[in-house]
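[1] let me see the structure of the following:
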Amino acid sequence: MKMTRYASMLATATGMLLALTAGLALAETPEKATTQVKPDSQGIQNGSTVKLEYRLSDEKGAVLDTNEGQEPLIYTQGQGQIIPGLEKALNGLRVGDTKHVVVKPDEAYGPIRPEAFVEIPKERIPEKMQTVGAHLVAQTKDGQPMHAFVKEVKEKTVVLDTNHPLAGKALTFDVKIVEVEAPQAK
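    This next block holds a predicted model:
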């Protein structure tokens, strides 16, 4: 049930799934495979438009999201459109290359932040949503959606967790480079 909820949420926001604030680093496992290097293809560099397939798994190996067998994810290298550590790990790869990358929690969606737990009066939460694990979507002052999960139901209040669902988790990406378009000359 939890994996389905996370997969559904992640599927609706694939860009959000991979986007993070700049400055996160990467922890890699030893290269599992770099295959089918094509000497005539250009490697990924800043400004390259990249198409890739990916599978995202958690620490236990459960698949959280994938686009395998679907349309590839398209991003521009160096633009902060995917997790910076993953972006760094892909630098220099060529069409056909595959890579296994493990990103530590501090280098992914961050640690679980205690200040992201908020306590709200019960009357502000619909009664049917006052169940541990319930997923709520609110709107921030600037109109952006904010996801929260019911962590605890008390006598007069409900404790919500507004951390990203993947906060505090090590993430494993298995990627395959499908296409690399050289940076456009300016």
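[2] only C-alpha atoms for contact and neighbour calcs from this point on.
    OK.
[3] who's in contact with stretch 144-155?
    129-140, 158-164 (C-alpha atoms under 8 Å, 6 or more residues apart in numbering).
[4] and those residues, which are buried?
    Among the contacts of stretch 144-155, those classed as buried by neighbour count (16 or more other C-alpha atoms under 10 Å) are 130, 133, 135, 136, 158, 159, 160, 161, 162, 163, 164.
[5] tell me who's in contact with the second one.
    Taking C-alpha under 8 Å, 6+ apart, we find residue 133 in contact with 149, 150, 151.
[6] residue ranges with poor pLDDT in the chain?
    Within the chain, the stretches with pLDDT under 70 are 1-41, 185-186.
[7] quick check: longest strand of it.
    Among the elements of type strand in the chain, defined by DSSP state E, the one spanning the most residues is strand 171-181.
[8] partner strands of that one and their direction?
    Using DSSP bridges, the strands paired with strand 171-181 are strand 49-57 (antiparallel), strand 98-103 (antiparallel).
[9] deepest of those, which one?
    strand 98-103 (a mean of 22; mean count of other C-alpha atoms under 10 Å).
[10] run the chain-centre distance for that one.
    13 Å (C-alpha atoms, centre = their mean, to the nearest Å).
[11] over to stretch 140-150?
    Averaging C-alpha coordinates over stretch 140-150 and over its chain gives two centres that are 18 Å apart (C-alpha atoms, centre = their mean).
[12] cool, stretch 97-113 as well?
    Relative to the centre of its chain, stretch 97-113 is centred 9 Å away, using C-alpha atoms, centre = their mean.
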